[in-house]
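Novice: Here is a sequence with its predicted model. Questions after.
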Amino acid sequence: MVDDLRRSAASDLDEMLDDAERAGKKRRRKSKGFLGMSAFERMIISILFFMLVTVLGLLLLIATGRIVL
């Protein structure tokens, strides 16, 4: 009788741990965005990258004499 109780408690514990692991894996997938950033952070990075490329391109055009100020 005690053995049956021990086995059922152990199986219940295993099921609870499996459910917790599955829930943890699902949460990690949902919270992890592209490169670990949120949408707002990716937008800021893309705007800054665009501005950097624009400024460097303008400086290159001025240095090669294609644009005269």
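Specialist: Structure's in. What do you need? Residues are numbered from 1 along each chain as shown.

Novice: All the helices of the chain, residue numbers only.
Specialist: For the chain, the helices defined by DSSP state H occupy 2-31, 39-63.

Novice: looking at this structure, which helix or strand does the model trust least?
Specialist: The least trusted helix or strand in the chain, going by mean pLDDT, DSSP states H and E, turns out to be helix 2-31, with a mean of 72.

Novice: Now find how far off-centre that one is within its chain.
Specialist: How far helix 2-31 lies from its chain's middle: 26 Å, per CA atoms, centre = their mean, to the nearest Å.

Novice: what's the answer for stretch 57-68, then?
Specialist: That offset, for stretch 57-68, works out to 38 Å (CA atoms, centre = their mean).

Novice: how about it: buried residues?
Specialist: Under the neighbour-count criterion of 16 or more other CB atoms under 10 Å, stretch 57-68 has nothing buried. No exception for glycine: its C-beta is placed from N, CA and C like everyone else's.
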